[in-house]
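>>> With the sequence up front, the predicted model follows.
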Protein chains: 2
Amino acid sequence: MYRYREIYSDIKRDILTNHYRAGALLPTQEILTEKYQVSRLTLKKSLNLLSDEGLVYSKQGSGTYVRPRMDSQSTEMLPLDLPVGVTYSHRDQKISSKLIHFNARLPTEIEQKNLQILSNDPVYEIKRVRLINKKVYSFEHSVMPVSIAPIDEKVLSGSVYDYLGSHANLQLTDARRVVYAEPANKETSQVLEVSLDSPIFVIDQIAYDQKGRAFEYSTSRFVSNHNKFVLDVHLNKNN
Amino acid sequence: MYRYREIYSDIKRDILTNHYRAGALLPTQEILTEKYQVSRLTLKKSLNLLSDEGLVYSKQGSGTYVRPRMDSQSTEMLPLDLPVGVTYSHRDQKISSKLIHFNARLPTEIEQKNLQILSNDPVYEIKRVRLINKKVYSFEHSVMPVSIAPIDEKVLSGSVYDYLGSHANLQLTDARRVVYAEPANKETSQVLEVSLDSPIFVIDQIAYDQKGRAFEYSTSRFVSNHNKFVLDVHLNKNN
DNA sequence: TAGTGGTCTAGACCACCTG
DNA sequence: AGGTGGTCTAGACCACTAC
């Protein structure tokens, strides 16, 4: 592994274990370069990572300070800046999927636009209910160009992202998410087992792979109040 | 201005104006260092900024590629990773506030925890309706320690963040946001002029200043469907 | 005035991709 | 094997803060 990553992890651990106290000054960059036996630039790269994460902030001419830590996020909340795929979020829980609908068809105009495909490029349409410990969790409607990779019902019982990673050398690296609230329609209320018109939290997502191709357009619906999403925002990045 | 920022802007402009086409290779770092007459490290810093923004991606041993551009976001959507303050989002629209409630009191337990204050540190409690072009837009309930800065009704007619920036040398640099959907209660439905139990999009926010102090705890409620929020996610940062 | 962080250089070596 | 990007160094100068 890289040196600046090691140093980053080392200092981060020292902060999280209160070895460096909140609000206190970190040692000067000169002292830290001696401690870790690296050049100042390498050390600075480590500090920049910490700064991007919001753990420290530097003031020119003064020093680098440890930020008071935000409360660690409650386990009930899911990070909004990670894949919606339940697989990644609840590692110790039993995730399963129930396939509601699976077929191929031609794309709608909106889908053509979002997936950057032509009107005669076929797409898969998939509707799944996601369950955690056999309890209904979300209702996911996704559309994927057939040209990306062949899909069958077996794949859909697990994580599609994992499958695409190992079989199509395709990784989710960027996503545009649009979030909003809406009343449950008939289908949603049935599937999520809530009453009609009750508030639903919706995440629309366009997923892009490492080369910037849009490969999935999906809408995920969550029962309100059961599910909250957390997002840590860092403005004023040094860059 | 810094050199790496200039180069970053220059290349970004070239990408956005299609001077460098989507999917195409950028010139090699060596050629670019000659073009801009800088060291490779400086150039690399510029490319890293572009990479963090998702405009390009680099493959070791191969080159740096221009990512196909995502659709520019619709004007109807507000970015979720910028201050909720309407002021920043709708620059060309007429923003106003209607003060519903303003007082000082002692904090609840939750507020003590979120704002990292003691039970006898007084807080301001503010309820405002935000309007765009005189149309109801959001209902904002915020709590702020009195110790941060003196507030009066005049300040509350404009942007509190602007006021804190100029009068208390305090800048919003980090925030933790929790988003979810809920049914409108009596107060919310009255203020936002919607029916009881209709879906409301909620953003809870803890705002931190440049030194990591929590200075505001707020809940903003938006009428569903009128308001959608967009978030661009970039995973796999090089770091 | 002294000390600190921010930027920048020229050059080196390594890891990876493509012929 | 050659070319590319990723990392790292030692040293320099500048900008800002604090005293």
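In hand now; what should we look at?

>>> Next, residue A:140: secondary structure please.
Using DSSP: H, G, I helix; E, B strand; the rest coil, the structure places residue A:140 in strand.

>>> Just confirm it contacts residue A:219, I think it does.
Yes. The pair residue A:140 / residue A:219 is scored as a contact, 7.5 Å apart, by Cβ atoms under 8 Å. Yep, even glycine has a C-beta here, placed from its N, CA and C like the rest.

>>> who has more neighbours, those two?
residue A:140 (23 against 15; other Cβ atoms under 10 Å in any protein chain shown).

>>> what residues are up against the more buried one?
A:84, A:126, A:127, A:128, A:129, A:130, A:218, A:219, A:220, A:221 (Cβ atoms under 8 Å, 6 or more residues apart in numbering or on different chains).

>>> give me every residue that touches the fourth one.
This means residue A:128. Counting by Cβ under 8 Å, 6+ apart, residue A:128 has contacts A:97, A:98, A:99, A:100, A:139, A:140, A:142, A:156.

>>> List the residues that contact the last one.
Same thing as residue A:156. Residue A:156 is in contact with A:97, A:99, A:102, A:126, A:128, counting by Cβ under 8 Å, 6+ apart.

>>> at 10 Å instead, please
A:97, A:98, A:99, A:102, A:124, A:126, A:127, A:128, A:142, A:163 (Cβ atoms under 10 Å, 6 or more residues apart in numbering or on different chains).

>>> Go ahead and list the helix or strand containing whichever residue of chain A sits closest to DNA strand D.
With Cβ to the nearest atom of the strand as the measure, residue A:61 is the residue of chain A nearest to DNA strand D, at 2.1 Å. Assessed by DSSP states H and E, residue A:61 sits outside every helix and strand.

>>> a helix runs through residue A:114, doesn't it?
Yes. Judged by three-state DSSP, residue A:114 forms part of a helix.

>>> Next, give phi and psi for the nearest residue to it once chain neighbours are set aside.
Distances taken as Cβ to Cβ, 6 or more residues apart in numbering or on different chains place residue A:217 nearest to residue A:114, at 4.6 Å, with adjacent residues excluded. Residue A:217 adopts backbone torsions of phi -120, psi 120, taken as degrees, to the nearest 10.

>>> Hmm, residue A:217 is touching residue A:177, no?
No. Judged on Cβ atoms under 10 Å, residue A:217 makes no contact with residue A:177 at a distance of 11.5 Å.

>>> and for these two, which residues touch both?
A:204, A:205, A:206, A:207.

>>> Now intersect these with the strands, please.
Of these, the ones assigned to strands by DSSP state E are A:204, A:205, A:206, A:207.

>>> quick one: the helices in chain A?
Secondary structure of chain A by DSSP state H: the helices cover A:3-16, A:29-36, A:40-52, A:86-89, A:109-115, A:160-167, A:186-192.

>>> List the buried residues for the second one?
In terms of neighbour count (16 or more other Cβ atoms under 10 Å in any protein chain shown), helix A:29-36 has its buried residues at A:29, A:32, A:33, A:36.

>>> how about that helix, does it get close to DNA strand C?
Yes. Helix A:29-36 reaches DNA strand C (Cβ under 7 Å from any atom of the strand) through A:29, A:30.

>>> can you pull up the bridge partners for residue A:127?
Following DSSP bridges, residue A:127 is listed with bridge partners residue A:101, residue A:141.

>>> pretty sure it is touching residue A:191, no?
Yes. Between residue A:127 and residue A:191 there is a contact under Cβ under 10 Å: 8.3 Å.

>>> Can you pull the residues that touch both of those two?
A:98, A:100, A:139.

>>> quick one: contacts for the last one?
Neighbouring residues of residue A:139 by Cβ under 10 Å, 6+ apart: A:100, A:127-130, A:184, A:187-192, A:200, A:202, A:219-223.

>>> hey, which helix or strand in chain A has the poorest pLDDT?
In chain A, no helix or strand scores lower on mean pLDDT, DSSP states H and E than helix A:86-89, which sits at a mean of 51.

>>> any idea how far the spatially most central residue of chain A lies from chain B?
Nearest residue to the geometric centre of chain A (Cα atoms, centre = their mean): residue A:82, 0.8 Å. Distance, residue A:82 to chain B, using Cβ to the nearest Cβ, to the nearest Å: 8 Å.

>>> do residue A:198 as well
From residue A:198 to chain B the distance is 7 Å (Cβ to the nearest Cβ).

>>> which non-adjacent residue is nearest that residue?
residue A:184 (5.0 Å).

>>> Please apply the same query to residue A:124.
Leaving out its chain neighbours, the residue that sits closest to residue A:124 by Cβ to Cβ, 6+ apart is residue A:144, at 4.9 Å.
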